[in-house]
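> Have a look at this prediction, sequence included:
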Amino acid sequence: MIGTLTPHLHLPGCASLKEKRGRLKPLLARLHREFNVSSAEMDLQDKWQEAVIACAMLGNDAAPLQSALETVRKWVEANWPDGMVYDQKIEIIM
């Protein structure tokens, strides 16, 4: 099974794509380090102040995947200081 989390982020004050990527890179690295998820910017690459990232995990049962991604979701909302979270979606694919 594959579990995905896709947060839609708002990065206020970004004045360039370079600045945006500079603010996203530490988030993506920390998600990998703290939660062992694969993550990447997936949409809105041409917008300066918005981004959609995707985090993915593999597992053999839906419940642990759902729980782990819910933990990541809560962490992003509470601990990411560089912006706001518009929306987040968790999907489990069998």
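That came through, no problem.

> Spell out the residue ranges of the helices in this structure.
Here the chain has its helices, by DSSP state H, at 17-35, 62-79.

> Which other helices and strands does the first one contact?
Read it as helix 17-35. Counting contacts by 3 or more CB pairs under 8 Å, 6 or more residues apart in numbering; DSSP states H and E, helix 17-35 packs against strand 38-43, strand 50-58, helix 62-79. Backbone N, C-alpha and C define where each C-beta goes, glycine included.

> With mean pLDDT added, can I get the helices of the chain in TSV?
Putting those into TSV (pLDDT from 0 to 100) gives the following:
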stretch	mean pLDDT
helix 17-35	92
helix 62-79	92
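
> okay if I get the ones you listed as TSV plus mean neighbour count and distance to L11?
Below are the helices of the chain laid out as TSV (neighbours: other CB atoms under 10 Å; distance: least, CB to CB, whole Å):
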stretch	mean neighbour count	distance to L11
helix 17-35	15	6
helix 62-79	15	13
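
> Now tabulate the ones you listed in TSV and tack on distance to A54.
Putting those into TSV (distance: least, CB to CB, whole Å) gives the following:
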stretch	distance to A54
helix 17-35	10
helix 62-79	11
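
> rewinding a little: closest to A15 out of the helices and strands packed on helix 17-35?
Of all these, it is strand 50-58 that lies closest to A15, at 13.6 Å by CB to CB.
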